[in-house]
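Asks: Got a predicted structure here, sequence first:
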Amino acid sequence: MNRVDTIHALETALAAERERTGAKPLKGTAELRTVRQILAKHGGKASQIIAILQDLQAVYHYLPEPELRFISLKLEVPLTRLYAIATFYKAFRLVPRGRHEISLCMGTACHVRGAMRVKDAIERELKIRVGGTTNDMRFSFETVRCLGCCGQAPVMTVDEELVSRLDHLTVGKALERYK
Amino acid sequence: MKFVLNGRARTTTRGATVLDAARAAGVDIPAVCAHDALQPYGACRLCIVEVREKGKKRWRVVTSCLYPVTAGLEVETDTERIRRLRRLLIELLLARSGCAPYVRELARRYGVTKARFSRLDDDCILCGLCVRVCTEVVGANAIGFAERGIGRKVDSPFGIDHSRCVACGACTYVCPTGAIQMEHIRTGELRAVGGEHLCRYTLMGFLSDAVCALNYECHRCEIDQKFRAEAGTHPILARARKGPRKKARR
């Protein structure tokens, strides 16, 4: 089997796998359209591998295995290498993440002003632990060190937005607007 | 190229590394991660030596497997400083893989009896020989490094994908500590996996025919018997020594 055939076979297999597992349907008919676009944007160069993975993660919030296999074939980079990169950098994730990313600050100032209680409140509210993702894929929850705005402690970011002056009683309400 | 090794004038070919030149001159430098069939890597750090470039004052500690010999270079392979640093490295290895006979022997030779660091009991010392032989010599790219820092390990993609492995056994052959081993899977089970993964010698290109006259029963195979008998010559490494098939991809 030559390389083009392999890619074609892989795409067919991926489509079947998506259908079988009932994974969320991809828009349009073109399977792997997103990853194709990302590859095209970077000129299909293996030297751009980190940027490609970052873009991929920006779309899916994690690095899906089928897409990594596809990139490996297209760029002729061994899958072992992609896996090494994806596991080496903390920024890359291989498990699915929620649509919204909560990063709760546990820095000194936030800690003093009750970040632990806020953490417990979020865990109770979302029924997940730190590092977890809700079953409906709505939220992923992480704690971070210092977000650098101690004057508004305790703070968290949801996606790119800053939510400040939290307390354990109102944090649930603050999360309601993220669907 | 003229240089000085342990106080004696020597000559070596252009482009040779200090390790190559020293070994050619009969001076032993311990090196775990160096292999004739592979590109230098510099992971184990045991091959450290002291060097002084021509016209320079300071002695520097460098890994001899990566350091090229230059004209007038002075090399000291067994100074007190080197022995002290090497003992520390061995201590670290001992803490990580204290059960591996290879590491214990190394420690005995350098008089390291106890490691001051917390023990890990992982036979893998992360020398990268298996990963490199799989990439550079076999070209299968079945295993690679994963994670980083203290979590670093040798793994197949996603921890389970063995589809690229041709079962050549080169990784087990080069592994100094025996951390990586072949799993003996019965032929019946292999057949269930699929015909293309059956014969390692076909996959390596030593046999042309995909159909085995012995019905894939390796214990009856002459080539397999020979391979097992000839300790020290893994077929794929023997081929590589004549000249690597391709350069390592960066």
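Replies: Yes, it's here. Everything numeric in this text was worked out from a predicted model, so none of it was measured.
Asks: Next, give phi and psi for B:Arg104.
Replies: For B:Arg104, the backbone dihedrals (degrees, to the nearest 10) come out as phi -60, psi -40.
Asks: That one and B:Gly98 touch, don't they?
Replies: Yes: with contacts counted by C-beta atoms under 8 Å, B:Arg104 reaches B:Gly98, the gap being 7.3 Å. C-beta here means a position set from N, CA and C on the backbone, and glycine is covered the same way.
Asks: Kindly report the residues of chain B close to chain A.
Replies: Of all the residues in chain B, those in contact range of chain A (C-beta under 8 Å from any C-beta of the partner chain) are B:131, B:134-135, B:141-148, B:155-158, B:161, B:164, B:249.
Asks: how about 7 Å then?
Replies: Proximity of chain B to chain A, by C-beta under 7 Å from any C-beta of the partner chain, involves residues B:Asn141, B:Ala142, B:Ile143, B:Gly144, B:Phe145, B:Ala146, B:Glu147, B:Arg148, B:Pro157, B:Phe158, B:Asp161.
Asks: Residue of chain A nearest chain B, please.
Replies: Taking C-beta to the nearest C-beta, chain B has its nearest neighbour within chain A at A:Thr80, 3.0 Å off.
Asks: Quick check: that residue vs B:Asp161, distance?
Replies: Per C-beta to C-beta, to the nearest Å, A:Thr80 is found 9 Å from B:Asp161.
Asks: Comparing those two, which residue is more hemmed in?
Replies: Legend: neighbour count by other C-beta atoms under 10 Å in any protein chain shown for A:Thr80 and B:Asp161, higher for A:Thr80 (25 against 16).
Asks: Verify the stated contact: that one with B:Ala140.
Replies: No: the pair A:Thr80 / B:Ala140 is not scored as a contact, 9.3 Å apart, by C-beta atoms under 7 Å.
Asks: I figured A:Ala174 was touching A:Arg165, is that so?
Replies: No: applying C-beta under 7 Å, one finds A:Ala174 not in contact with A:Arg165, separated by 10.0 Å.
Asks: if you count what's nearby, which of the two comes out ahead?
Replies: Neighbours per residue (other C-beta under 10 Å) separate A:Ala174 from A:Arg165, with A:Ala174 holding more: 18 against 12.
Asks: gap between B:Glu50 and chain A?
Replies: Computed as C-beta to the nearest C-beta, to the nearest Å, the B:Glu50 to chain A distance reads 32 Å.
Asks: Can you give me the pLDDT of the nearest residue to A:His100 once chain neighbours are set aside?
Replies: Nearest residue to A:His100, sequence neighbours excluded (C-beta to C-beta, 6 or more residues apart in numbering or on different chains): A:Tyr178, at 4.6 Å. Looking at A:Tyr178, its pLDDT reads 88.
Asks: where's A:Tyr178 relative to A:His111, distance?
Replies: Taking C-beta to C-beta as the measure, A:Tyr178 falls 24 Å from A:His111.
Asks: likewise B:Thr79?
Replies: To A:His111, B:Thr79 is 50 Å away according to C-beta to C-beta.
Asks: how deep is the nearest residue to A:Gly114 once chain neighbours are set aside tucked in, by neighbour count?
Replies: In this structure, A:Gly114 finds its nearest non-sequential neighbour in A:Pro154, 5.9 Å apart by C-beta to C-beta, 6+ apart. Here the number of neighbours of A:Pro154 (other C-beta under 10 Å) works out to 28.
Asks: Which helix or strand contains A:Pro154?
Replies: Under DSSP states H and E, no helix or strand contains A:Pro154.
Asks: What are the phi and psi values at it?
Replies: Note on A:Pro154: its backbone torsions stand at phi -80, psi 140 [degrees, to the nearest 10].
Asks: Where does the prediction get shaky in chain A?
Replies: A:1-31 (pLDDT under 70).
Asks: domains for chain A, by residue range?
Replies: Domain assignment of chain A by automatic domain parsing yields the ranges A:3-88, A:100-175.
Asks: where exactly do the helices run in chain B?
Replies: Taking DSSP state H as the test, the helices found in chain B are B:18-24, B:80-96, B:101-109, B:129-132, B:170-174, B:187-193, B:200-203, B:222-229, B:235-242.
Asks: In terms of mean pLDDT, which of these ranks lowest?
Replies: When the helices of chain B are compared on mean pLDDT, helix B:187-193 scores lowest, with a mean of 45.
Asks: Relative to chain A, which residue of chain B is the closest?
Replies: Of all residues in chain B, B:Gly144 sits closest to chain A, at 3.0 Å by C-beta to the nearest C-beta.
Asks: Check chain B and tell me which residue is nearest its centre.
Replies: Note on chain B: the residue nearest the mean C-alpha position is B:Leu129, at 3.3 Å, using C-alpha atoms, centre = their mean.
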